[in-house]
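Q: Sequence first, then the predicted structure, then my questions.
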There are 2 protein chains.
Amino acid sequence: MTDHTLDPTLTPALEDYLETILRLSRRFEGLVRVRDIALARDVKPGSVSPAMKRLDELGLIEYERREHVRLTERGAVAARRVDARHRVLRRFFEGFLALPADLAEQDACAAEHALSPETIDRLVRLFEYMEMCPEGQDHLQRFHRCSLVHADVAPCPNDCPGDPIALAERTDQMSIADLTPGQRGRVRQIEGQGAIRQRLLDMGILPDAEIELARVAPAGDPLWIRLQGFELALRRAEAASVKVQAR
Amino acid sequence: MTDHTLDPTLTPALEDYLETILRLSRRFEGLVRVRDIALARDVKPGSVSPAMKRLDELGLIEYERREHVRLTERGAVAARRVDARHRVLRRFFEGFLALPADLAEQDACAAEHALSPETIDRLVRLFEYMEMCPEGQDHLQRFHRCSLVHADVAPCPNDCPGDPIALAERTDQMSIADLTPGQRGRVRQIEGQGAIRQRLLDMGILPDAEIELARVAPAGDPLWIRLQGFELALRRAEAASVKVQAR
DNA sequence: ACGTGGTGTTAGAGAGACCAAACAAAACCG
DNA sequence: CGGTTTTGTTTGGTCTCTCTAACACCACGT
């Protein structure tokens, strides 16, 4: 696992400290105290002190007396870099994937140290594209309406063929439960909601996965599939909510 | 930063071990040795042994003699969960963002422990949507052609209004360099390529950012902007490649 | 049977990050 | 002022993950 901290000498934790200092600088006009950092990062002051010492040694911040921490120019550059990545991810999660704000924030924090600069760049290109192509916007909204927001209830307000409800009414759709033992298929859509859906995804039942119905219990209810060389048991209700393309 | 390891007792490293064991099981039919794991994860066998001990204590694997490691049912469930997330991310990075395979793999490895289950779910919904809506596919391809693959050279083969080259020829586009000092604008597109683009993104010059041209050096070349309350220096060439919507 | 390699384990050490608690220094305030 | 509170530092300890290096197996093969 490569670590995409942007400066090889910077660990993810130190990057987080820099980012936090940058944000607090914006808020408090440069008067950032150890206490504020500890609060913002939800760690104890005793953890912050040594980190500040480290950043100071690296020439990324300056202590101001026993009072304030200030970013040096080099530190500010590094901090802005992390912050920019954070913003990109946050926007992607919230604006594109329509995640709730708190989750978007959380995931952005976690992913900002992990992803390559290229990936971030691609996301930016995605934003540019979405904004430049009017159809892009339409499409995104459609995506949100069809699949994301309140996916548990709302039918697609358009004629979108991907709408789960429209799909459920189509008779040409088969589910795993409709396969005959030994028959293979390709997963097209997971219709289950909530915990069921989560369980299916966790098992590796993802769009495009190749699946074979291995066997069915006499009662018809537990049901075994082969997926990537392993057998998995599914309840009938779960199997029925996985739409497949038989082959 | 919350850690989205799926079982609270599992650290990212342990999850990685589980995932590795799962993959090697597929490859070697369950005959997984410490050596293989060490090779796959690029660590020394001396690091693997204690990790196996830990996983065994947690009831996630079984040692087979001094020879082989086998996932228990609980371990397999956890491993498949991690693996599923990995697949989703890999597909997103490679198939959707058109990252090269090696980078997609790398980033998937890094992000699979960091993101919330909801985020993964949204990505799956995105795949489902893209596959169900024929226009989704078209749109994605357009996005790739316009903005991603070989973005340094290729013009958009369609009439896409977001095509960088088409854009460059449009006269209604202003860049930061065209603003008058004190004027504000909203970033719409970053046209620079390679290192310049990277530098601009790193500074926080991202689509939709609010920018003000603070002042221009007498010679006209260094040029200062205000961004999120801070002043940044830009070279004229850099400024010229940031297209803005003046206001 | 006896070395010889390939493998696995163990022990010791270090890096990084954190906490708790004792301590030091300001700051605040009657 | 002098005492109390707030804030920061230091120390010692924990945890996780890793490495190196010494050691223990086992398996083979002539």
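A: Cool, the structure landed.
Q: Distance from the longest helix anywhere in chain A to the middle of the chain?
A: Using DSSP state H, we find that the single longest helix of chain A is helix A:73-91. How far helix A:73-91 lies from its chain's middle: 19 Å, per CA atoms, centre = their mean, to the nearest Å.
Q: And stretch A:30-44, by the same measure?
A: Its chain's C-alpha centre and that of stretch A:30-44 lie 27 Å apart, by CA atoms, centre = their mean.
Q: Would you mark the buried spots in that stretch?
A: Residues of stretch A:30-44 classed as buried by neighbour count (16 or more other CB atoms under 10 Å in any protein chain shown): A:V32, A:R33, A:V34, A:D36, A:I37, A:A38, A:A40, A:R41. Where you see a C-beta, it was placed from the backbone N, CA and C, and this is true even at glycine.
Q: now swap in stretch A:183-194 and tell me
A: Using 16+ other CB under 10 Å as the test for burial, stretch A:183-194 gives A:G185, A:V187, A:R188, A:Q189, A:I190, A:E191, A:G192.
Q: distance between the ends of stretch A:221-234?
A: Stretch A:221-234 has an end-to-end distance of 8 Å (CA to CA, to the nearest Å).
Q: Is chain B within reach of it?
A: Yes - applying CB under 8 Å from any CB of the partner chain, one finds stretch A:221-234 touching chain B at A:Q228, A:G229, A:F230.
Q: want to throw those residues into CSV with secondary structure?
A: Shown next, in CSV, are these (DSSP: H, G, I helix; E, B strand; the rest coil):
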residue, secondary structure
A:Q228, coil
A:G229, coil
A:F230, strand
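Q: Now the buried members of those residues.
A: With neighbours counted by 16+ other CB under 10 Å, the residues of stretch A:221-234 next to chain B contain no buried members.
Q: What parts of chain A come near DNA strand C?
A: For chain A, the residues found near DNA strand C under the criterion CB under 7 Å from any atom of the strand are A:11-14, A:41-47, A:50-51, A:54, A:66-67.
Q: So which of those belong to helices?
A: Under the assignment DSSP H, the residues of chain A next to DNA strand C contribute A:P12, A:A13, A:L14, A:R41, A:P45, A:G46, A:S47, A:P50, A:A51, A:R54 to helices.
Q: nearest residue to the first one other than its sequence neighbours?
A: Of all residues not flanking A:P12 in the chain, A:H113 sits nearest, at 4.0 Å (CB to CB, 6 or more residues apart in numbering or on different chains).
Q: wouldn't the one you found be in contact with A:T5 here?
A: Yes - at 5.9 Å, A:H113 and A:T5 qualify as touching, with contact defined as CB atoms under 8 Å.
Q: ok, then the element right after the worst-scoring helix or strand of chain A on mean pLDDT?
A: Using mean pLDDT, DSSP states H and E, helix A:164-169 stands out as the lowest-scoring helix or strand of chain A, at a mean of 55. The helix or strand immediately downstream of helix A:164-169 is strand A:174-175, counting by DSSP states H and E.
Q: Name the residues that touch that following strand?
A: Residues outside strand A:174-175 that contact it (CB atoms under 8 Å, 6 or more residues apart in numbering or on different chains): A:G185, A:A239, A:A240, A:S241, A:V242, A:K243, A:V244, A:Q245, A:A246.
Q: now the farthest one out in chain A, which residue is it?
A: In chain A, the residue that sits farthest from the middle, by CA atoms, centre = their mean, is A:R65; the gap is 41.1 Å.
Q: any idea how far that one lies from A:R33?
A: The gap separating A:R65 from A:R33 is 11 Å, by CB to CB, to the nearest Å.
Q: and if you look at A:A239?
A: A:A239 is 58 Å from A:R33, where distance means CB to CB.
Q: do the same with A:E62
A: Applying CB to CB, the value for A:E62 to A:R33 is 14 Å.
Q: what is in contact with these two at once?
A: Here A:E62 and A:R33 have A:V69 as joint contacts, going by CB under 8 Å, 6+ apart.
Q: got the CA positions of stretch A:183-202 in PDB?
A: Only the C-alpha atoms of stretch A:183-202 are listed here, as PDB (Å, rounded to 0.1, in the frame of the first residue of the first chain):
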ATOM      1  CA  GLN A 183     -26.800 -22.100 -14.800                       C
ATOM      2  CA  ARG A 184     -24.500 -19.100 -14.800                       C
ATOM      3  CA  GLY A 185     -25.300 -15.400 -15.000                       C
ATOM      4  CA  ARG A 186     -23.900 -12.000 -14.700                       C
ATOM      5  CA  VAL A 187     -25.200  -9.700 -11.900                       C
ATOM      6  CA  ARG A 188     -26.900  -6.600 -13.200                       C
ATOM      7  CA  GLN A 189     -28.500  -4.900 -10.300                       C
ATOM      8  CA  ILE A 190     -28.900  -5.500  -6.600                       C
ATOM      9  CA  GLU A 191     -32.400  -4.500  -5.700                       C
ATOM     10  CA  GLY A 192     -32.400  -5.300  -2.000                       C
ATOM     11  CA  GLN A 193     -32.400  -2.300   0.400                       C
ATOM     12  CA  GLY A 194     -30.800  -1.600   3.600                       C
ATOM     13  CA  ALA A 195     -29.300  -4.500   5.500                       C
ATOM     14  CA  ILE A 196     -30.000  -7.000   2.800                       C
ATOM     15  CA  ARG A 197     -28.300  -5.000   0.200                       C
ATOM     16  CA  GLN A 198     -25.400  -4.400   2.400                       C
ATOM     17  CA  ARG A 199     -25.000  -8.100   3.100                       C
ATOM     18  CA  LEU A 200     -25.100  -8.900  -0.600                       C
ATOM     19  CA  LEU A 201     -22.500  -6.300  -1.400                       C
ATOM     20  CA  ASP A 202     -20.300  -7.500   1.400                       C
END
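Q: what about that stretch, near chain B?
A: Yes - Stretch A:183-202 comes into contact with chain B (CB under 8 Å from any CB), by way of A:R188, A:Q189, A:I190, A:R197, A:Q198, A:L201, A:D202.
Q: Report the buried residues of the helix or strand A:I120 falls within.
A: Per DSSP H and E, A:I120 falls inside helix A:117-132. Neighbour counts over helix A:117-132 (16+ other CB under 10 Å) mark A:118-130, A:132 as buried.
Q: what bits of chain A have low per-residue confidence?
A: Across chain A, the ranges flagged by pLDDT under 70 are A:1-2, A:6, A:148-172.
Q: Run through the residues of it sitting next to DNA strand D.
A: Chain A has residues A:33-35, A:38, A:45-46, A:48-50, A:52-53, A:63, A:66-67 near DNA strand D, with proximity defined as CB under 7 Å from any atom of the strand.
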